[in-house]
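Novice: attaching a predicted model along with its sequence, questions to come.
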Amino acid sequence: MQNEETLKEIEKLAKKENLKLFKISAATMQGVQELIDYVSETLKILPKEELVEIEDKVVYTLEEKEDEWTIKEKDGVFIVSGKAVERLMGRVNIEDNESMYYLQKSLKNMGIEDKLKEMGVCEGDTVIIADWELEWYD
């Protein structure tokens, strides 16, 4: 009896608030199709709205460029530093010939080799790359 009284109160409230009320049962599937049909039709007539206003969009950028590096010469020693060379040296195994070939190729591709030559690096000079001390060979 209490369920019937509760249902009547809900029906009364829905009528008062001008709300559509669906009585459904998951066990018997009674009323489920009617609810689905109503929702489907309601969605078709709703106005389409942008979910995000264009002016509300925020674009995040990295402050440091990934390819940034610098070279300084101090007392005949060339010091190469920056995020790009730190990442590069993190991928290099100094003990491995192929890895060293990769390092040389990367230094050339990044423009570091050309800049060192422009600054006067000579064979046998010391070059420090991200805390690794190397001897320059052409």
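Specialist: Arrived safely, thanks for sending.
Novice: this structure: helices as residue ranges?
Specialist: In the chain, helices defined by DSSP state H lie at 2-16, 32-45, 83-90, 97-109, 112-118, listed in chain order.
Novice: distance between the second one and the chain's centre?
Specialist: Counting by C-alpha atoms, centre = their mean, to the nearest Å, helix 32-45 is centred 38 Å from the centre of its parent chain.
Novice: which residues of this protein score low on pLDDT?
Specialist: 1, 50-67 (pLDDT under 70).
Novice: quick one, domains of it?
Specialist: Using automatic domain parsing, the domain parsing of the chain gives 2-46, 70-135.
Novice: quick one, which of those is packed in tightest?
Specialist: Highest mean neighbour count among those (mean count of other C-beta atoms under 10 Å): domain 70-135, with a mean of 14. (C-beta placed from N, C-alpha, C; glycine too.)
Novice: gap between the two ends of that one?
Specialist: This stretch, domain 70-135, spans 18 Å end to end (C-alpha to C-alpha, to the nearest Å).
Novice: how far off centre is it?
Specialist: With C-alpha atoms, centre = their mean, you get 30 Å for domain 70-135.
Novice: go on, stretch 16-24?
Specialist: Centroid separation between stretch 16-24 and its chain, computed with C-alpha atoms, centre = their mean, is 45 Å.
Novice: could I get the helices of the chain as TSV with distance to residue 128?
Specialist: As requested, the helices of the chain are arranged in TSV below (distance: least, C-beta to C-beta, whole Å):
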stretch	distance to residue 128
helix 2-16	78
helix 32-45	65
helix 83-90	10
helix 97-109	13
helix 112-118	11
